[in-house]
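Visitor: Next come a sequence and a model predicted from it.
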Amino acid sequence: MNTAQISYAHMNATVNPKHVDSLLRFFEQGCTDASHEGYGVEIEHLPVSNADDAAVGYYGDAGIEVLLHRLRPFYDKSEEYWDNGRLVGLGREGVSVSLEPGAQLECSLGVIHRIDELRSLYRAFRSEVDPIADELGFRLVNYGYQPQSSWRDVRVNPKSRYDAMTDYLGRVGQYGLCMMRCSAATQISIDYCDERDALAKLRIGTAIGPITAWFFRNSPYFEGRDNPYPLLRQRMWDAIDPQRTGIIPGLYDERFGWEDYAVDVLSTPMMFADLTHTPEAADLPVAQQHRAAFRDNAAEVYPDREFNAYEINHVLSTHFNDVRLKNFVELRHWDSLPLPGVGRLMEMVSSLFYRDEQFSRLTSYFDGVNELDVLAAKADLQAHGQDSKPYGQPLEFWKEFLGLEGLLSDVPGDDAHPEVFQA
């Protein structure tokens, strides 16, 4: 009996073997050559008014929709993204621009291989977007949460999926609507060469994530006030919906594998169903193609066949673990950061995950760590902040052990985005 059977036998969860096979092939297709060192970098931005720092939404004569339309000449027409007849995304080689629910503007860069590529692509993006935003009376800031506005002040953008997502997260857990409408993050994705390598990176990324989140924290505000939480992003995500956030169930069991991850994802209620690219649902009303799914898992939502590519992406994207597996490993711990901070973050990820000596040192140190240890470290950081001792060691130890001392000293802002993280 594998770990999936051990974990889920008592839940009577129906998992379609064809769906499991679809995910396993998808994970296998993500394997790269061991020497490949690629990064996907996503930086979310909060649009705020120049007049009073209030959140700027999608709609209106000077909102994000207008910004996107004025950016269109810089992007490829074939890579425009529309939803409900409204422009919601742009793309070109190396850069895509998309929207989070509260009109947070996300810049996705990749696959990149060097920090100078990060700087070049991102500065080009900002050189195009910043003058337009300024003419419209707002700017993009890099904080983990809106500096002035509450989630109640922010209307979701016109993507039809966000109505279903609001229906679900507005009724389950805590902070879901805060996360959707007012938060912003930096995420870095890395490659793996096989299943063993992917699992090792998932485990190490999960274990050190809360510590690195502390050193790269950048959420001075929450709901229009000073932020009371040492790690606001962690506080929100841990409380949103334990079925799909936090530590991957069973990750630190030595028997855990890709199949177990697939079963976990497929066993959990979908959060919301997306049948917009499911041919069998083409005749359904739009309201039924996007709907909240409080109880239905993938086997109850999708047909008895293998997934198509869109369905795979949707099923995996409805889980928000601290570190997420797609056909890459996605590290999701960090607040939105200005470019200098993102550069240092990428240097850290490169050093810890792509340098064999460093990664071996980490895997050796964390050998034997389990899920309860990681939960205790997260709780310690949340409760004690600067005085915490995750895994029994003070933060000064971790700064040295993770090679952060040089990275965190003398981090300047720049003219385009002076918000510097709080290291």
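Guide: Good, I have the coordinates. Residues are numbered from 1 along each chain as shown.

Visitor: hey, where'd the strands end up in the stretch 301-423 of the chain?
Guide: All strands of the stretch 301-423 of the chain, identified by DSSP state E, counting those that start in this stretch, fall at 320-321, 323-325, 329-335.

Visitor: Using CSV, lay out those together with distance to residue 205, mean neighbour count and mean pLDDT.
Guide: Glycine gets a C-beta too; all of them are placed from N, C-alpha and C. What follows is the strands of the stretch 301-423 of the chain, written out as CSV (distance: least, C-beta to C-beta, whole Å; neighbours: other C-beta atoms under 10 Å; pLDDT from 0 to 100):
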stretch, distance to residue 205, mean neighbour count, mean pLDDT
strand 320-321, 10, 19, 96
strand 323-325, 4, 23, 98
strand 329-335, 5, 23, 98
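
Visitor: Let's have those strands in a markdown table, adding distance to residue 249.
Guide: As requested, the strands of the stretch 301-423 of the chain are exported to a markdown table (distance: least, C-beta to C-beta, whole Å):
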| stretch | distance to residue 249 |
| --- | --- |
| strand 320-321 | 9 |
| strand 323-325 | 13 |
| strand 329-335 | 17 |
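
Visitor: These: which one's closest to residue 344?
Guide: Closest of the strands of the stretch 301-423 of the chain to residue 344 is strand 329-335, at 11.0 Å (criterion: C-beta to C-beta).

Visitor: In contact with the spatially most central residue of the chain, which residues?
Guide: Nearest residue to the geometric centre of the chain (C-alpha atoms, centre = their mean): residue 332, 4.6 Å. By C-beta atoms under 8 Å, 6 or more residues apart in numbering, the contact list for residue 332 reads 185, 187, 209, 320-324.

Visitor: Closest to residue 343 out of those?
Guide: Distances from residue 343 to those, taken by C-beta to C-beta, are shortest for residue 187, at 14.9 Å.

Visitor: Give the closest residue to the closest one in space, chain neighbours not counted.
Guide: residue 42 (4.4 Å; C-beta to C-beta, 6 or more residues apart in numbering).

Visitor: sorry, back to before: wait, which of the strands of the stretch 301-423 of the chain is closest to residue 407?
Guide: strand 329-335 (13.3 Å).

Visitor: quick one on the thing from earlier: from memory the residue nearest to residue 187 sits against residue 186, does it?
Guide: Yes. Counting by C-beta atoms under 8 Å, residue 42 touches residue 186, with 7.0 Å between them.

Visitor: who's more crowded, these two?
Guide: Ranked by neighbour count (other C-beta atoms under 10 Å), residue 42 and residue 186 place residue 186 first, with 26 against 20.

Visitor: Then the more buried one would be within a helix, right?
Guide: No. Counting by DSSP: H, G, I helix; E, B strand; the rest coil, residue 186 falls outside a helix, being strand.

Visitor: My reading is that residue 272 is in a strand; is that accurate?
Guide: Yes. Assignment of residue 272 by three-state DSSP places it within a strand.

Visitor: what's the closest non-adjacent residue to it?
Guide: Per C-beta to C-beta, 6+ apart, closest to residue 272 is residue 164, 3.7 Å.

Visitor: ok, how many other residues are close to the one you found?
Guide: 21.

Visitor: Sticking with it, tell me its helix or strand.
Guide: Residue 164 belongs to helix 161-169 when assigned by DSSP states H and E.

Visitor: that older thread, the helix or strand hosting the residue nearest to residue 187 packs against which elements?
Guide: Using DSSP H and E, residue 42 falls within strand 39-49. The contact analysis (3 or more C-beta pairs under 8 Å, 6 or more residues apart in numbering; DSSP states H and E) places strand 39-49 against strand 105-112, helix 115-136, strand 138-141, strand 185-190, helix 339-353.

Visitor: which residues touch residue 53?
Guide: 147-148.

Visitor: How about the secondary structure of it?
Guide: Applying three-state DSSP: residue 53 is coil.

Visitor: quick one, phi/psi of it?
Guide: Dihedral angles of residue 53 (phi, psi; degrees, to the nearest 10) stand at phi 70, psi 10.

Visitor: how far away is it from residue 46?
Guide: 10 Å (C-beta to C-beta, to the nearest Å).

Visitor: Mutual contacts of the two, please.
Guide: residue 147.

Visitor: coming back round to it: quick check: which of the strands of the stretch 301-423 of the chain is nearest to residue 95?
Guide: From the strands of the stretch 301-423 of the chain, taking C-beta to C-beta, the stretch that ends up closest is strand 329-335, at 18.3 Å.

Visitor: Can you list the strands that that closest one pairs with?
Guide: strand 185-190 (antiparallel), strand 323-325 (antiparallel) (DSSP bridges).

Visitor: Please name the bridge partners of residue 324.
Guide: residue 330.

Visitor: In contact with it, which residues?
Guide: 316, 330, 332.

Visitor: Residue 194 and residue 31 touch, don't they?
Guide: Yes. Between residue 194 and residue 31 a contact is recorded at 5.6 Å, counting by C-beta under 8 Å.

Visitor: And the contacts of stretch 103-117?
Guide: With C-beta under 8 Å, 6+ apart as the criterion, stretch 103-117 contacts 37-47, 55-58, 63-64, 67, 94-100, 118, 121-122, 125, 129, 140, 154, 157, 183-184, 189, 343, 346-347.

Visitor: Can you give the contact residues for the helix or strand following the strand holding residue 42?
Guide: Per DSSP H and E, the first helix or strand lying C-terminal to strand 39-49 is helix 64-71. Applying C-beta under 8 Å, 6+ apart, the contact partners of helix 64-71 are 47, 56-60, 86-90, 97, 99, 103, 105, 128-129, 132-133, 136, 157.

Visitor: repeat that for 7 Å
Guide: Applying C-beta atoms under 7 Å, 6 or more residues apart in numbering, the contact partners of helix 64-71 are 47, 56-59, 86-87, 90, 97, 99, 103, 105, 128-129, 132-133, 136.

Visitor: about what we covered before: how much space between the residue nearest to residue 187 and residue 108?
Guide: As judged by C-beta to C-beta, residue 42 and residue 108 stand 5 Å apart.

Visitor: likewise residue 219?
Guide: From residue 219 over to residue 108 (counting by C-beta to C-beta), the distance is 21 Å.

Visitor: Looking at the two, which one has more neighbours?
Guide: Each of residue 219 and residue 108 has its neighbours counted (other C-beta under 10 Å); residue 219 has more, 25 against 20.

Visitor: The closest residue to residue 191 other than its chain neighbours: neighbour count?
Guide: Excluding its sequence neighbours, the residue lying closest to residue 191 (C-beta to C-beta, 6+ apart) is residue 32, at 4.5 Å. Using other C-beta under 10 Å, residue 32 has 17 other residues around it.
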